[in-house]
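# attaching a predicted model along with its sequence, questions to come.
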Amino acid sequence: MELDNSRTQRTFTWTARVLSALQMDGPLLAGLGLLALISLIVLYSASSANMSVVLSQALKFLFSAVVMLAVAQLPRRLIRNSAPWLYGVGLLLLVLVMIKGSSALGAQRWLDLKIIRFQPSEIMKLAMPLLCAWYVHERPLPPSLKDVLVLTIIILVPTALIAKQPDLGTAILVLAAGGVALILAGLQKRYILGVLLLMIPAAWIGWTHMHDYQRQRVVTFLNPQSDPLGSGYHIIQSQIAIGSGGVFGKGYLNGSQAQLEFLPERATDFIFAVIGEEWGLLGLITILLLYAFIIGRCLYIAANAQDTFSRILSGSLGLTFAVYVFVNTGMVTGLLPVVGVPLPLISFGGSSMVTLMAGFGIVMAIHARRRLVGR
């Protein structure tokens, strides 16, 4: 027994040393690894046992993990100094998308470089919290009215460009990333109240500039049964799938809504409904608890960071991840309009995954810096 305990202790010690050398945070890495495993398991069912989809997702996870590992090695100073440059490049690419972007399904969101086709809006998911943290890190906190106005412009310009593409889901995430960073900087209550009051005319202006299909999504959210075979079909089928799963679910590969293809976008935006149908309420709670653990770990790292930049950046990255989860689960269950936000690190896809894992790499780099300072 003592020999087994000694071997276990040596294994833990060796693992801790390897993770420390790689600048990896063990608990956060474990949570992300579990999400990756769950994604592959659920995608096998959601894709009707299509192994090519599972292998494709596995390769995307592998590439994203390499990106996370590479970003985690970057010095904090380099990450901070890159903020205005990354924001500037992202803004320039968003303008380029408006001029020469590639269109698909009525949206002009992509840049086609022949070798690679990508969405510049993904860059802003990282550039936004980076620049906000960079801007406030050497200024007095809470931010003054002047700083709040400057940050508001910094946040709204790329948000408007992304919404214009149109890509309402990504625009919401970019807006949330900047807004969370501003709140973490100590935004005063009177400014928060002012923003809430401004949201009333902003909502009206946004409604008048929405595309017809976006307005229809809002109407459908309020009453899905108004168009059960059209715009309301997605949410109705999603609610049927989740409701039919009950507490324990129908069993793996036994979800009728998913397997009989009643549920649209079941491998991407509506994969949460597949989990609910096959694994039931317990499966959904397990997923949400795992998300809560990852978010909580990011906030723990933020609370123990050594400077304002690190605290605001790691906190905003963690809370923006929470917004991802909230928006997707809200739209799948009918609590929010459908805006095309995937379930983070579980839905099939690559560009969003790379962005998220790069963000977690930044959080790990901040945590590694804290360990080094503490020694």
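That came in fine, so what should we check first? Residues are numbered from 1 along each chain as shown.

# state the helix or strand in which residue 149 lies.
helix 145-163 (DSSP states H and E).

# send the alpha carbons of that helix over as PDB?
The C-alpha atoms that make up helix 145-163 are tabulated as PDB, following Å, rounded to 0.1, in the frame of the first residue of the first chain:
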ATOM      1  CA  LEU A 145     -16.200  59.900 -17.900                       C
ATOM      2  CA  LYS A 146     -13.600  60.600 -20.600                       C
ATOM      3  CA  ASP A 147     -12.200  57.100 -20.400                       C
ATOM      4  CA  VAL A 148     -15.700  55.600 -20.400                       C
ATOM      5  CA  LEU A 149     -16.500  57.500 -23.600                       C
ATOM      6  CA  VAL A 150     -13.300  56.500 -25.300                       C
ATOM      7  CA  LEU A 151     -13.900  52.800 -24.300                       C
ATOM      8  CA  THR A 152     -17.500  53.100 -25.600                       C
ATOM      9  CA  ILE A 153     -16.200  54.200 -29.000                       C
ATOM     10  CA  ILE A 154     -13.600  51.400 -29.000                       C
ATOM     11  CA  ILE A 155     -16.300  48.900 -28.300                       C
ATOM     12  CA  LEU A 156     -19.100  50.200 -30.500                       C
ATOM     13  CA  VAL A 157     -17.100  50.700 -33.800                       C
ATOM     14  CA  PRO A 158     -16.200  47.000 -34.400                       C
ATOM     15  CA  THR A 159     -19.500  45.900 -33.000                       C
ATOM     16  CA  ALA A 160     -21.400  48.000 -35.600                       C
ATOM     17  CA  LEU A 161     -19.100  46.700 -38.400                       C
ATOM     18  CA  ILE A 162     -19.800  43.100 -37.400                       C
ATOM     19  CA  ALA A 163     -23.500  43.700 -37.100                       C
END
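
# which strands and helices sit next to that helix?
helix 83-100, helix 121-136, helix 168-184, helix 189-209 (3 or more C-beta pairs under 8 Å, 6 or more residues apart in numbering; DSSP states H and E). To be clear about C-beta, it is placed using only N, CA and C from the backbone, and glycine gets the same treatment.

# looking at those helices, which is nearest to residue 266?
The closest of the helices and strands packed on helix 145-163 to residue 266 is helix 168-184. By C-beta to C-beta, the value is 17.6 Å.

# mind checking how far that closest one is from the chain centre?
With C-alpha atoms, centre = their mean, to the nearest Å as the basis, helix 168-184 stands 11 Å off its chain's centre.

# tell me the mean pLDDT for that helix?
Helix 168-184 shows a mean pLDDT of 91 in the predicted model.

# these two touch, right, residue 151 and residue 144?
No. Using C-beta atoms under 8 Å, residue 151 makes no contact with residue 144, being 10.6 Å away.

# ok, these two, which is more surrounded?
residue 151 (21 against 12; other C-beta atoms under 10 Å).

# check contacts around the more buried one.
Listed by C-beta atoms under 8 Å, 6 or more residues apart in numbering, the contact partners of residue 151 are 132, 135-136, 143, 178, 182.

# over to residue 176?
Contacts were defined as C-beta under 8 Å, 6+ apart; by that measure residue 176 touches 319-320, 323.

# now, those that are in helices?
Those of the contacts of residue 176 mapping onto helices are 319-320, 323, per DSSP state H.

# next secondary structure after the helix or strand of the chain with the lowest mean pLDDT?
The weakest-scoring helix or strand in the chain, judged by mean pLDDT, DSSP states H and E, is helix 212-222 (a mean of 67). Once the chain leaves helix 212-222, the next helix or strand it forms, by DSSP H and E, is helix 233-245.

# give me the residues contacting that next one.
By C-beta under 8 Å, 6+ apart, helix 233-245 touches 220-221, 224-225, 227-228, 250, 255-258, 262-265, 270, 272-274, 276-281, 283-284, 331-334, 338.

# can we see that at 7 Å?
Under the criterion C-beta atoms under 7 Å, 6 or more residues apart in numbering, residues 220, 224, 228, 255, 257-258, 262-264, 270, 273-274, 276-280, 332-334, 338 lie in contact with helix 233-245.

# stretch 266-277 now?
With C-beta under 7 Å, 6+ apart, stretch 266-277 has contacts from 42-43, 45-47, 53, 234, 238, 241-242, 244-245, 249-250, 255, 257-258, 263-264, 283-284, 287, 328-329, 332, 340, 342-343, 346-349.

# redo that, cut-off 6 Å
Residues outside stretch 266-277 that contact it (C-beta atoms under 6 Å, 6 or more residues apart in numbering): 42-43, 46-47, 238, 241-242, 244-245, 255, 257-258, 263, 283-284, 329, 332, 342-343, 346-348.

# before we move on, the earlier item: which of the contacts of helix 233-245 count as buried?
By neighbour count, with 16 or more other C-beta atoms under 10 Å, the contacts of helix 233-245 hold 220, 224, 255, 257-258, 262-263, 270, 273-274, 276-280, 332-334, 338 as buried.
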